[in-house]
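Q: how would this look folded up:
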Amino acid sequence: MTKSALADLRECWRERIAEFRASGQSGAAWCAAHQMKESQLWYWARKFSSGNHPEDSSPNWIPVQIRESTVEVSEPLVVRIGQAVIEVRSGFDAGLLRDVIRTLVTVC
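A: Take a look at the predicted model:
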């Protein structure tokens, strides 16, 4: 089914659901009067009653501003393993720190 055919079908059922709700009739009575299957009525009624459908509306975008952090970390992170003390400052080599910690854990 093409997008335009699907849009037409949705619009047709949107109108039918509105007519059904305005009629005050039960689903069975309204469907009998309009020669429609009640299961179809309830299917489309559920689709339109749940609110947001991505295919029925365009997204609502929220603007977001991303700023680079200008805060410099002046205090080092202190890591203690046994008697060893390691000071980690910003810009450290993560691989080297991992190797040093692994070595200290096996020795201590």
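Q: which helices and strands does the top helix by length along the chain pack with?
A: If you go by DSSP state H, the chain has its longest helix at helix 3-23. Secondary structure elements in contact with helix 3-23, counted by 3 or more Cβ pairs under 8 Å, 6 or more residues apart in numbering; DSSP states H and E, are helix 27-33, helix 38-49. Placement of C-beta: from N, CA and C, glycine included.
Q: Next, find the distance separating residue 4 from residue 17.
A: Taking Cβ to Cβ, to the nearest Å as the measure, residue 4 falls 20 Å from residue 17.
Q: neighbour count winner among these two?
A: residue 17 (18 against 8; other Cβ atoms under 10 Å).
Q: quick one: low-confidence ranges for this structure?
A: Filtered on pLDDT under 70, the chain yields the residue ranges 50-59, 69-73, 108.
Q: switch the cut-off to 80
A: In the predicted model, the chain carries pLDDT under 80 at residues 49-61, 68-74, 106-108.
Q: who's in contact with residue 34?
A: By Cβ atoms under 8 Å, 6 or more residues apart in numbering, the contact set of residue 34 is residue 16.
Q: I'd like the distance from stretch 63-83 to the chain centre, please.
A: 29 Å (Cα atoms, centre = their mean, to the nearest Å).
Q: Now that stretch: buried residues?
A: Buried residues in stretch 63-83, counting neighbours by 16 or more other Cβ atoms under 10 Å, are absent.
Q: Likewise for stretch 85-95?
A: Using 16+ other Cβ under 10 Å as the test for burial, stretch 85-95 gives no buried residues.
Q: For that stretch, which outside residues touch it?
A: For stretch 85-95, contacts defined as Cβ under 8 Å, 6+ apart pick out 72, 73, 76, 77, 78, 79, 80, 97, 100, 101.
Q: before we move on, back to that, flag every buried residue along the longest helix of the chain.
A: Applying 16+ other Cβ under 10 Å to helix 3-23 flags 10, 13, 16, 17, 20 as buried.
Q: any idea how far it is from the chain center?
A: Counting by Cα atoms, centre = their mean, helix 3-23 is centred 27 Å from the centre of its parent chain.
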